[in-house]
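In: All I have is the shape, not the residue letters:
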C-alpha cells in the first residue's frame, strides 16, 4: 500500500467528521462503526490498485530481457500496461 495504515485511518476519521459537519451523513448507530466502515472502504479501494500493480509486475516479469534488448524503460512499460488494464476493466484509481 502506498499510504501507511495509520494515515488512512486518520484520513477516514477526518472524512467522517467532515461529512457529519456538512450534513452529508447521519448516524443512527455507533459512530465509531461508521468511521471504521469509511476507513475500510478507503483501504479496499487502495488494495485494488495494489493488486493491479502486482499483476502488472507479474506480466512484465516475462518481458524483462526483451525490454532490455529493445531499450524499453520498465517504468514506462509498467505505466502503459497498467493504463491498458485500467481501461479494459473500467477501473477508477
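Out: Thanks, I have the structure now. Not measured: the values here are computed from a predicted model.
In: Kindly list the longest helix within the chain.
Out: helix 31-61 (DSSP state H).
In: for that one, which positions count as buried?
Out: Applying a neighbour-count criterion of 16 or more other C-beta atoms under 10 Å, one finds 34, 35, 38, 39, 42, 43, 46, 52, 56, 60 buried in helix 31-61. Placement of C-beta: from N, CA and C, glycine included.
In: contacting residues for residue 2?
Out: 46, 49, 50 (C-beta atoms under 8 Å, 6 or more residues apart in numbering).
In: For the spatially most central residue of the chain, give its distance to residue 30.
Out: In the chain, the residue lying closest to the centroid (C-alpha atoms, centre = their mean) is residue 46, at 2.4 Å. To residue 30, residue 46 is 24 Å away according to C-beta to C-beta, to the nearest Å.
In: I'd guessed the residue nearest to the centre of the chain sits against residue 3; true?
Out: Yes. In terms of C-beta atoms under 8 Å, residue 46 counts as a neighbour of residue 3; the distance is 6.6 Å.
In: quick one: low-confidence ranges for the protein?
Out: Applying pLDDT under 70 to the chain picks out residues 1.
In: Tell me how many other residues surround residue 82.
Out: Residues lying near residue 82 (other C-beta atoms under 10 Å) number 20.
In: who are the neighbours in contact with it?
Out: The contact partners of residue 82, by C-beta under 8 Å, 6+ apart, come to 52, 53, 56.
In: My guess is the first one contacts residue 83. True?
Out: Going back to what we said before, that points to residue 52. No. Counting by C-beta under 8 Å, residue 52 stays clear of residue 83, with 10.5 Å between them.
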